[in-house]
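Chemist: Below is the sequence, then the predicted model.
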Amino acid sequence: MNELYPVFLKVAQLNTLIVGAGNVGLEKLSFLLKSSPNAQVTIVAKEISPEIKKIADQSDAIALVEDSYKEKYLNGRHIVIGATDDKDVNKQIHLDAKARNLLVNIADTPALCDFYLGGIVTKGNVKIAISTNGKSPTTAKRLRQLLEEIIPEDINEMVENIHLYRDTLKGDFEYKVEALNKLTKELLVKN
Ligand SMILES: C[C@@]1(CC(=O)O)c2cc3[nH]c(cc4nc(cc5[nH]c(cc(n2)[C@H]1CCC(=O)O)[C@@](C)(CC(=O)O)[C@@H]5CCC(=O)O)C(CC(=O)O)=C4CCC(=O)O)c(CCC(=O)O)c3CC(=O)O
Ligand SMILES: NC(=O)C1=CN([C@@H]2O[C@H](COP(=O)(O)OP(=O)(O)OC[C@H]3O[C@@H](n4cnc5c(N)ncnc54)[C@H](O)[C@@H]3O)[C@@H](O)[C@H]2O)C=CC1
């Protein structure tokens, strides 16, 4: 059973640290920014790849620090992602983060993750997150691609329209639930 509880974080108002700026650091950063272009991220690494430098150049919300990991870099963070290629450093990041009660993800060690980054499908206001409980990231990627294909682009228009209708509803909570359920009933009718 998959016991993970998904949440949708407002990463533009949280402070995220990524340690390690190689292939994996780039992958984590790219997906974070694809979903949340205004995410506030600091990246600390001994060596920062040119691709990451290029991305950082385009955003004021991304800070780069070319240095080896030190505990002080956890100051002021909410979320930490450890993506170095040094297992001992990754373990130390985990220990330091736990000592501060920070949420931590160590990319090469699922057992040291408080949360996983998932596959993400975005259609306007609609967002779907996918996890395989850490068992097969490739499956998460394929599912993301499949859902991107099959979820219609106009789902966002529908959400916007229902939102407008929702704002016109006068009455108590129960009345609103009933009206909205009635309006959307057809959505589940199979063709
Ligand atoms: C636990 C987790 C921790 C975390 O990173 O949060 C984790 C861990 C590991 N990934 C590994 C490998 C790969 N990861 C990907 C891709 C993605 N990985 C992502 C998430 C996660 N990866 C979390 C679990 C998510 C879940 O619950 O399903 C995605 C969904 C989101 C993202 O990266 O933002 C993103 C796809 C995004 C997209 O396309 O939509 C590919 C495929 C590819 O790149 O094409 C491969 C190679 C093939 C393979 O192994 O499947 C390895 C082995 C490293 C090694 O062997 O050296 C480990 C470590 C281990 O498992 O021990
Ligand atoms: N979670 C995931 O999706 C995946 C995880 N991995 C794992 O992630 C790890 C990283 O792999 P890559 O990014 O390909 O390695 P890489 O060699 O491309 O990058 C490593 C980065 O860590 C930095 N680094 C190393 N020691 C450091 C220190 N003490 N302080 C600060 N930065 C330091 C380097 O400067 C570099 O920026 C590997 O252990 C790999 O097995 C690999 C594939 C996918």
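Modeler: Yep, it's here. Ligands and ions are numbered 1, 2, ... in the order given.
Chemist: Name the residues of the chain found near ligand 2, please.
Modeler: Counting by CB under 6 Å from any ligand atom, the residues of the chain close to ligand 2 are 19-25, 44-47, 68-69, 83-86, 89, 107-108, 137. (C-beta placed from N, C-alpha, C; glycine too.)
Chemist: So which of those are in helices?
Modeler: Asn23, Val24, Gly25, Val89, Pro137 (DSSP state H).
Chemist: Let me have the residues you listed in JSON lines, adding distance to ligand 1 and pLDDT as columns.
Modeler: Output for these, formatted as JSON lines (distance: CB to the nearest ligand atom, whole Å; pLDDT from 0 to 100):
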{"residue": "Asn23", "distance to ligand 1": "9", "pLDDT": "97"}
{"residue": "Val24", "distance to ligand 1": "7", "pLDDT": "97"}
{"residue": "Gly25", "distance to ligand 1": "11", "pLDDT": "97"}
{"residue": "Val89", "distance to ligand 1": "16", "pLDDT": "98"}
{"residue": "Pro137", "distance to ligand 1": "3", "pLDDT": "97"}
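Chemist: what residues are up against Asp85?
Modeler: For Asp85, the contact set (CB atoms under 8 Å, 6 or more residues apart in numbering) comprises Gly20, Gly22, Asp108.
Chemist: Neighbour-wise, give me the winner out of those.
Modeler: Of all the contacts of Asp85, Gly20 has the most neighbours under the rule other CB atoms under 10 Å, reaching 29 neighbours.
Chemist: ok, and the closest non-adjacent residue to the residue of the chain with the smallest separation from ligand 2?
Modeler: With CB to the nearest ligand atom, the shortest gap between the chain and ligand 2 falls at Gly22, namely 1.9 Å. Distances taken as CB to CB, 6 or more residues apart in numbering place Ser49 nearest to Gly22, at 5.9 Å, with adjacent residues excluded.
Chemist: mind listing the helices for the chain?
Modeler: Going by DSSP H, the chain shows helices at 23-35, 50-57, 87-99, 137-150, 155-168, 173-184.
Chemist: quick one: the first one to helix 137-150, angle?
Modeler: In other words, helix 23-35. 20 degrees (axes from the mean of the first three to the mean of the last three CA atoms, to 10 degrees).
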